[in-house]
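Trainee: Structure for this input, please:
(chains A and B)
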Amino acid sequence: MARTIVTSALLYANGPLHFGHIAGAYLPADVYARTLRMCGDEVLAVSGSDDHGVAITISAEKAGEDYASYVARWNGNMRATFDALDIRYDIVSGTSTCPDHADLSREFFSRLMENGYLVERRTDQLFCVADDMFLADRYVEGTCYKCGSEGARGDECPSCGTWIDPLEFKDPRCKICGSTPEARSTTHWYLDLPKLRDEKIGDWIRDHEWKTNVEKFIQNLLEDVPERAITRDMSWGVSLPPEVGEAGEGKVLYVWFDAPIGYISFTKELMRERGTPEAWKDWWQSDDTQLVHFIGKDNIPFHCLVFPSMLHGTGDGYVLPAAVPANEFYNLKGGKFSTSGGNAFDVVEFVKEWGVDTTRFYLCSTMPETSDSEFSLEQLIQTANTALAGTIGNLATRVLKFIAKNFDAVVPQLHEQHREEMDRLILEECGPIEDPAALVKEFRFRRAAEAVVANATVANVFVDRLAPWALRKEDPEKAASALNTLCEWLNWQARWMAPFMPHKAQQLWEMLGHASAVADQPWPGTPSAEDWRSLSAGAPLGTPEALFPRIQAPEPKA
RNA sequence: GGCGAGGUAGCUCAGUCGGUUAGAGCACUGGCUUCAUAAGCCAGGGGUCGCGGGUUCAAGUCCCGCCCUCGCUACCA
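Mentor: Prediction:
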């Protein structure tokens, strides 16, 4: 049995989850996991929050909260959003709350050090006495020593674009409190990415098949990959392992170092809860596992270069990612979703108003797979009314209501003399039938969503060709055979819908008279004449209701 | 400044290794149908593929230059 670890980027616990995140890394992961599970694969889906880092401590202090509860709040927001959209993981944890996280992160550090992939360096950095902390480049500002403009940041001058060395500012200011920081000497550890690259991972990256939008980015990056500091002077985070000695006091692992390790530590946490504490190794240290990271494009360097380097550098046989289906960005009104910039809305409220499945489907059908794409409420409503209500929902009601009125609300009989004609018609002559799962496995979610609708169109064409309302009078047996065929088709339609629209799929499944869960059904693939039928004539059907009631477009707001 | 992505129909987007008349959905127009949620089916109009050069028998696709948009630039899909 194939086994796959599906991860979604750990969300930085510093703000709410918005549609950009969801369309980028969470919904595709969920659809992918649901699809693989129906296909019979074993899947482990992992996500959570990335809780450490300076930005969080600063925001928490501004909000007057302690770090842990600040982080817990955003982690809670994430869980609530997942629930609202029915996005499911085997575990959603957080790097500050997962009991296995700190130890495993330190173990990574230690193993990398043993294997000679860490470099210790002493450098000068600006330290704010008032705030009692070393200042990350971005938290320093001053007058640009090249163009003289004020308000240059510690990393770059926005006026002239010069790369700034904050130590060269004549008038450095702490961006947090405005006081003048001083230079202090500090020791940090660097991940020796050039060495890791040269000792195998470079070849692996070059030879690996990446999604096209990842390929160029990563190959370029590989050319001059720098050493990267993986420690920071602060208290909120994972402390360093004891073997670094006194130099490690008051320091923690840098967030981007410990964050991806969360995928593994969360798995450990889950397996311990399940009572099989060693089972995480079967996933993470097994050659048979397929590791798939769902992320947004901004995370490409970490997941395609840095994290694989770390995994390889431990020498502990960790699996390297098989695929990193990074999405581009999902925009709102031409700009990025941004909660701080006000260009966003409350996802939970939105879903309450427009519906889980409708939202999921629309996001799938507009996902930024190959280039940035655009979210629009008008289009969502249009999609809901045409593809969902018109094509799929109406197919179900036109068939099932007709049967309820004229065929006693049971599966009509297929008369043998019609079998061949019916099969040929619907399987060959009413349009192409596509397998959405095949497209999902290629990470083509947009086309997969289209395929679900296109398959419903096949049945709509079939209805129009046979016109059962006329046939009922001329040749009732043939009408029964046609309607039987349509019931069988709906039986497929519900399963095709399940990974994308779990609730509506279940609702349709029940309308067909099933009591089971559609998500537990094996994936159907595409039908072939030999064995695509499974319903028994005379089996009672459920009550047909509009699957997707049409929605009224809201009055344009002034 | 550096790096990356993008500019294709009114809108949102596909376009593989360069290869017939450049595709889809929505929107629009016309016809058919009346089972169904004013739903369905069929047909049609609509494009100088950002601009200018070049390579080629052949360029949306490759090369050079330019314009515009967006993102990242080390905390945020």
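
Trainee: residue contacts, A:Lys352?
Mentor: A:Ala84 (CB atoms under 8 Å, 6 or more residues apart in numbering). From N, CA and C alone the C-beta is placed, and that goes for glycine too.

Trainee: One more pass at 10 Å, please.
Mentor: A:Ala84, A:Asp346 (CB atoms under 10 Å, 6 or more residues apart in numbering).

Trainee: go on, A:Asn14?
Mentor: Here A:Asn14 is in contact with A:49-51, A:53, A:55-56, A:58-60, A:70-71, A:74, A:339-340 (CB under 10 Å, 6+ apart).

Trainee: Recalculate using a threshold of 8 Å.
Mentor: A:Gly53, A:Ala55, A:Ile56, A:Ser59, A:Trp74.

Trainee: Spell out the secondary structure type for the fourth one.
Mentor: In three-state terms, and counting by DSSP: H, G, I helix; E, B strand; the rest coil, A:Ser59 is helix.

Trainee: so the closest residue to it other than its chain neighbours, which of the three states?
Mentor: Closest residue in space to A:Ser59, ignoring its immediate chain neighbours: A:Asn14 at 5.5 Å, by CB to CB, 6 or more residues apart in numbering. Put simply, A:Asn14 is coil when judged by three-state DSSP.

Trainee: roughly how far apart are A:Asn14 and A:Ile56?
Mentor: The gap separating A:Asn14 from A:Ile56 is 5 Å, by CB to CB, to the nearest Å.

Trainee: Over to A:Gly313?
Mentor: For A:Gly313 relative to A:Ile56 (CB to CB), the value is 27 Å.

Trainee: quick one on the thing from earlier: out of the contacts of A:Asn14, which are close to RNA strand B?
Mentor: A:Gly53, A:Ala55 (CB under 7 Å from any atom of the strand).

Trainee: Rebuild the contacts of A:Asn14 as JSON lines, extending it with neighbour count, pLDDT and secondary structure.
Mentor: Shown next, in JSON lines, are these (neighbours: other CB atoms under 10 Å; pLDDT from 0 to 100; DSSP: H, G, I helix; E, B strand; the rest coil):
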{"residue": "A:Gly53", "neighbour count": "24", "pLDDT": "84", "secondary structure": "coil"}
{"residue": "A:Ala55", "neighbour count": "16", "pLDDT": "82", "secondary structure": "helix"}
{"residue": "A:Ile56", "neighbour count": "23", "pLDDT": "87", "secondary structure": "helix"}
{"residue": "A:Ser59", "neighbour count": "18", "pLDDT": "85", "secondary structure": "helix"}
{"residue": "A:Trp74", "neighbour count": "21", "pLDDT": "92", "secondary structure": "helix"}
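
Trainee: can you give me the strands for the stretch 201-350 of chain A?
Mentor: A:228-229, A:231-233, A:251-253, A:289-294, A:321-323, A:330-332, A:335-336 (DSSP state E, counting those that start in this stretch).

Trainee: Which among the ones you listed is found nearest to A:Gly178?
Mentor: strand A:231-233 (20.4 Å; CB to CB).
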